[in-house]
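In: Test case, fold it:
(one chain, ligands or ions: 1)
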Amino acid sequence: MNTITIYKTKEEQLRILPCIKCGSDDIEFTNHGYTTFNRGTAWCKGCGRKLNFSINWDAHDYDIALIWNRENDLQTLKTRYQNQINELNDQINEIDRLMKELPEEK
Ligand SMILES: [Zn+2]
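Out: Residues are numbered from 1 along each chain as shown. From the prediction side, this is the model:
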């Protein structure tokens, strides 16, 4: 089957998640516009919470909003923290295993 690729432009609405610290959805996004080592900022006008992060030189508000949403999505944060707990438990278990292998002090 012969196929061709068609690129379509489509408008999409992105819901901005409220700030996890204060619940405000009045968030200002800033792209510093550097051509290298560009920075983006999301600033909650409700409580002043500010997120700073690296972004591509050609990033848009949309990209910054995605990062904001990721950092304010409760399920994402819970999963992240659960993964950290699991990782720490693995390290504790490894330490327990090593401690059992050590000869007992007399
Ligand atoms: Zn806030």
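
In: rest of the way, CA atoms for contacts and neighbours
Out: Noted.

In: And Asn83, how close does it get to His60?
Out: For Asn83, the distance to His60 equals 30 Å [C-alpha to C-alpha, to the nearest Å].

In: Between the two, point out the one with more neighbours.
Out: More crowded of Asn83 and His60, by other C-alpha atoms under 10 Å: His60, with 15 against 12.

In: What helices and strands are in contact with the longest helix along the chain?
Out: The longest helix of the chain (DSSP state H) is helix 74-101. Packing partners of helix 74-101 (3 or more C-alpha pairs under 8 Å, 6 or more residues apart in numbering; DSSP states H and E): helix 61-71.

In: Distance from the helix it packs on to the middle of the chain?
Out: Distance, stretch centre to chain centre, for helix 61-71: 8 Å (C-alpha atoms, centre = their mean, to the nearest Å).

In: so it versus helix 74-101, what angle?
Out: Angle, helix 61-71 to helix 74-101, by axes from the mean of the first three to the mean of the last three C-alpha atoms, to 10 degrees: 50 degrees.

In: residues near the closest residue to Tyr62 other than its chain neighbours, how many?
Out: Leaving aside its chain neighbours, Tyr62 sits nearest to Leu14 (7.6 Å; criterion: C-alpha to C-alpha, 6 or more residues apart in numbering). Around Leu14 there are 10 other residues, counting by other C-alpha under 10 Å.
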